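Novice: Pasted the sequence and its predicted model underneath.
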Amino acid sequence: MTALDEDFLPTEPEGRLTRGELRGDVPAALRLAAILAVVGLPLGALWALLAPDTNVVALPGAGTGTPAGEADHAFDAVAIFLLMMTAFGVVAGAVAWRRRHRRGPVVLVAVVLGSLVGAVLAGRVGALFAWSASPVPVLVDPAAIGTAGAPGAPVPAVLTSVPASPGPWWIALVAGLGAALTYVLAAIVDGHEDMGRDTA
């Protein structure tokens, strides 16, 4: 066989993982996904602590109303959850990338799924732990809460609070998206076909 023939023989693509390496990545990937799912539990509790509740005033025979600025708290609670889940996904992707000896598609799938499950659990736990204060009798000016009434004439009412909500379920997708983008961008920046995987 000549050197010319060897140049045209098909070679194994550089950077491709063997089946043995992929099978070896599965246990580590499952552990990573489980850890990320568990991390979602304290994240949900932390969100419940940070998220503001919305105060509602109930007037006798005149319905309910919200004081000025209280309606914005519902948006604030969702925004806080969105930012927390984005940060969670980015950190999860960065931590997964730091595991040089396990870099590859198996870990990428695990970090995305683990982040998604963790974000869903965070939303469930946060909604469960979100608290509301006990009703308190107060005197309010009906004009101050947008209901009919003479300004400056306080009337008895009851002040209650509505627990914060983390928002719609699809916000959890942000965590998985953040993890995937972080991992893929790190692989692009690395530039190696084997993603700089440590084979030692």
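Specialist: That came through, no problem.
Novice: Please make it C-alpha for all contacts and neighbour counts, starting now.
Specialist: Noted.
Novice: for residue 113, what are its contacts?
Specialist: For residue 113, the contact set (Cα atoms under 8 Å, 6 or more residues apart in numbering) comprises 33, 176.
Novice: Under a three-state scheme, what state does it occupy?
Specialist: Under DSSP: H, G, I helix; E, B strand; the rest coil, the three-state class of residue 113 is helix.
Novice: pLDDT score assigned to it?
Specialist: Looking at residue 113, its pLDDT is 97.
Novice: buried ones in the longest helix seen in the chain?
Specialist: Scanning the chain for the helix with the most residues, using DSSP state H, yields helix 19-50. Residues of helix 19-50 classed as buried by neighbour count (16 or more other Cα atoms under 10 Å): 22, 25, 28-30, 32-34, 36-41, 43-48.
Novice: where exactly do the helices run in this structure?
Specialist: Using DSSP H, helices in the chain cover 3-8, 19-50, 72-98, 105-129, 173-190.
Novice: Just name whatever secondary elements the longest strand along the chain is in contact with.
Specialist: Counting by DSSP state E, the longest strand found in the chain is strand 155-162. Judged by 3 or more Cα pairs under 8 Å, 6 or more residues apart in numbering; DSSP states H and E, the packing partners of strand 155-162 are strand 54-59, strand 136-140.
Novice: Run through the chain and note the low-pLDDT ranges.
Specialist: 1-22, 61-70, 132-134, 141-153, 194-200 (pLDDT under 70).
Novice: okay, which residue is most central for it?
Specialist: residue 85 (2.1 Å; Cα atoms, centre = their mean).
Novice: Quick check: closest non-adjacent residue to that residue.
Specialist: Counting by Cα to Cα, 6 or more residues apart in numbering, residue 85 lies nearest to residue 175, which is 5.0 Å off, once chain neighbours are set aside.
Novice: Contacts only, for that neighbour.
Specialist: So residue 175 contacts 85-90, 112, 115-116, 119 (Cα under 8 Å, 6+ apart).
Novice: got a winner among those residues for most neighbours?
Specialist: Of all those, the most densely surrounded is residue 115 (38 neighbours; neighbours counted as other Cα atoms under 10 Å).
Novice: State the distance from residue 103 to residue 91.
Specialist: From residue 103 across to residue 91, the span is 16 Å (Cα to Cα, to the nearest Å).
Novice: Compare neighbour counts for the two and give me the winner.
Specialist: residue 103 (23 against 18).
Novice: Spatially, and excluding backbone neighbours, which residue is closest to residue 25.
Specialist: residue 102 (6.0 Å).
Novice: What count of nearby residues applies to that neighbour?
Specialist: 22.
Novice: now do residue 101
Specialist: 14.
Novice: And for the one 10 residues further on?
Specialist: Look at residue 111: counted by other Cα under 10 Å, it has 32 neighbours.
Novice: In contact with it, which residues?
Specialist: 29, 32-33, 36, 92-93, 96, 176, 179-180.
Novice: How about residue 140?
Specialist: Contacts of residue 140 (Cα under 8 Å, 6+ apart): 154-157.
Novice: likewise residue 128?
Specialist: Counting by Cα under 8 Å, 6+ apart, residue 128 has no contacts.
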